[in-house]
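Trainee: sequence unavailable; structure follows:
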C-alpha cells in the first residue's frame, strides 16, 4: 500500500506517530517540476515492486511493506523537508534520487542512524564505508560510469586513445561535475585530450556548446545530463550531424525520454547502464498479474519496461533484499533502520538469487562490505534503436578502472573525514 504526502504535512504526520508492523520504505519522488519525466517512471517502478511482493510473497519475511511517497519536485530544500517529515514513520532507507538532496542528507541520516542508498548517483566517495557508515551507492557510481565509457572507447579503438579528443558535456551542478576528476586522470593515463563543456540548468539552450563541438570536432562526446538537457543535446548533436554512435551518455542520460523526441536522428546514440533493459523477465509477468491487473499500479501502467521504471524496480528489489538480510542477521522480522543498515552492508546478490526473483541477468552479481559500500562498479553499454524504439544492451557488465578510481575515493573520503571529525573504521 502506498501513501502520498505533501512536503508541508509535517505536523499531521508526526501527530499520527509511526505505523507499527510495517516495513516502511519512503519514496522521495518528483512527479512535478522540470525533471518529472524522469522521476515519474522511477517512482512507479519502485512502488510497484513493493506492491507486488506484498501480494505475491506476503511482504518481506512475513511483514508487509508500506511505501510513503513525498514529493520533492527535485528541489533540495523540499527533499530535506520530506526526510524530516517521514523519518518518524520508521523509514528504513532513503533513496534521495538527487545528488543535491544526497549531500544535504548525509550528515542528517548518519546522525539519525538511518541508511541511504544513492544508486548510481550522489557522492561517489561514499563507497568508502569506513567513512560513510550509512551511505551506500552499489552497484556502480559516477566514477565507474566515466571509466566505463573510456574502457568502451578503448575497446572500440584497439586499446589506444592516444591523441584522441573527448568532450564532456555536463549539467553544471554537483552531479554533472562528479566525473571531471576521474576523466582528467584517465586522460593522463591514456593520452587523450579532454575538453569540458558545462550546460546550465535546465539545459534548454545549448547552441553555443554544440557550435563549439562542431568547431573542435571531438572524436567522442560523453554526457552527464538530466531531464530536458538530454533531449536538447541529442537534437543539437543531430543538427550539427555529430555521429550518434560516438555520443555516450551516463545512465541518467539514457532513457526513452531522452531519445524519442529526436526521432530517427537519435538512432545509434549510446548510454551506460548498470542494469538490464526491456521487459523480457519473469518479474514483469508478476507485476502485470499482481499490480496492473489488480488495479494497484502506482502510475498509469504505461512505463513498465522502460529504462527508468526498471531502475526504480531494481532499487526496490535491492532494498527488499537488504531488509531480508537484516531480518536474518538480527533474528527478527520487525527490523529498525539501524538493522537495515547492517543488512545493506552484508548484502549479497548473486545470479541464483536474481533468477529466483524472476530477474535473471538483470544486474551484475555483487557483495557489499564495510570497506566497500559501492559494489563492484561493473557497467554495460546500451544503444538506441530508433526503428524498433527500444534500447539494446550491446555489452556485458564489465569492470572499471579501480587503479584510477580507488585512490580518488580514498583521497576524497579521507578529506571528508578530516573536515567532519570522523575516525574511519567499521561499526
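Mentor: Arrived safely. Model, not experiment: these values are computed from the prediction.

Trainee: could you look up the SS state of the closest residue to residue 375 other than its chain neighbours?
Mentor: Leaving aside its chain neighbours, residue 375 sits nearest to residue 138 (3.2 Å; criterion: Cβ to Cβ, 6 or more residues apart in numbering). Placement of C-beta: from N, CA and C, glycine included. What DSSP: H, G, I helix; E, B strand; the rest coil gives for residue 138 is coil.

Trainee: gap between the closest residue to residue 225 other than its chain neighbours and residue 384?
Mentor: Among residues not flanking residue 225 along the chain, residue 253 sits closest, at 4.6 Å (Cβ to Cβ, 6+ apart). Using Cβ to Cβ, to the nearest Å, residue 253 is found at 11 Å from residue 384.

Trainee: likewise residue 174?
Mentor: 27 Å.

Trainee: joint contacts of residue 253 and residue 384?
Mentor: Both residue 253 and residue 384 are in contact with residue 271, where contact means Cβ atoms under 8 Å, 6 or more residues apart in numbering.

Trainee: for the protein, longest helix please?
Mentor: Secondary structure of the chain per DSSP state H: the longest helix is helix 307-330.

Trainee: now residue 40: phi and psi?
Mentor: phi -60, psi -50 (degrees, to the nearest 10).

Trainee: now for it, how many residues are close by?
Mentor: 22 (other Cβ atoms under 10 Å).

Trainee: hmm, it is touching residue 302, no?
Mentor: No: using Cβ atoms under 8 Å, residue 40 is not in contact with residue 302, being 10.1 Å away.

Trainee: quick one, the helix or strand hosting residue 28 and helix 307-330 angle?
Mentor: Here residue 28, judged by DSSP states H and E, is contained in strand 23-29. Inter-element angle recorded for strand 23-29 and helix 307-330: 150 degrees (by axes from the mean of the first three to the mean of the last three Cα atoms, to 10 degrees).

Trainee: from the chain's centroid, how far away is strand 23-29?
Mentor: 16 Å (Cα atoms, centre = their mean, to the nearest Å).

Trainee: repeat for stretch 153-161
Mentor: Worked out by Cα atoms, centre = their mean, stretch 153-161 lies 27 Å from the chain centre.

Trainee: contacts for that stretch next, please.
Mentor: Contacts of stretch 153-161 (Cβ under 8 Å, 6+ apart): 150, 164, 166, 190-192, 220, 248.

Trainee: out of residue 174 and residue 384, which sits in the busier spot?
Mentor: residue 384 (27 against 15).

Trainee: any idea how far the residue nearest to residue 409 when sequence neighbours are not counted is from residue 290?
Mentor: Nearest non-adjacent residue to residue 409, counting by Cβ to Cβ, 6+ apart: residue 125, 4.9 Å away. Computed as Cβ to Cβ, the residue 125 to residue 290 distance reads 39 Å.

Trainee: which of the two has more neighbours?
Mentor: residue 125 (24 against 18).

Trainee: looking at this, that one is in a helix?
Mentor: Yes: with three-state DSSP as the criterion, residue 125 is located in a helix.

Trainee: measure it to residue 424 for me?
Mentor: 12 Å.

Trainee: shared neighbours, the two?
Mentor: 131, 413.

Trainee: which SS class is residue 195?
Mentor: Under three-state DSSP, residue 195 comes out as strand.

Trainee: SS state for residue 380?
Mentor: strand.

Trainee: repeat that for residue 418.
Mentor: Per three-state DSSP, residue 418 ends up helix.

Trainee: for the closest residue in space to residue 313 that isn't next to it in sequence, give me its contacts.
Mentor: Among residues not flanking residue 313 along the chain, residue 45 sits closest, at 3.8 Å (Cβ to Cβ, 6+ apart). By Cβ under 8 Å, 6+ apart, the residues touching residue 45 are 303-304, 308-316.

Trainee: quick check: phi and psi at residue 45.
Mentor: phi -70, psi -40.

Trainee: and for residue 224, the neighbour number?
Mentor: 28.

Trainee: just the pLDDT at the nearest residue to it once chain neighbours are set aside, thanks.
Mentor: Distances taken as Cβ to Cβ, 6+ apart place residue 170 nearest to residue 224, at 4.4 Å, with adjacent residues excluded. pLDDT, residue 170: 98.
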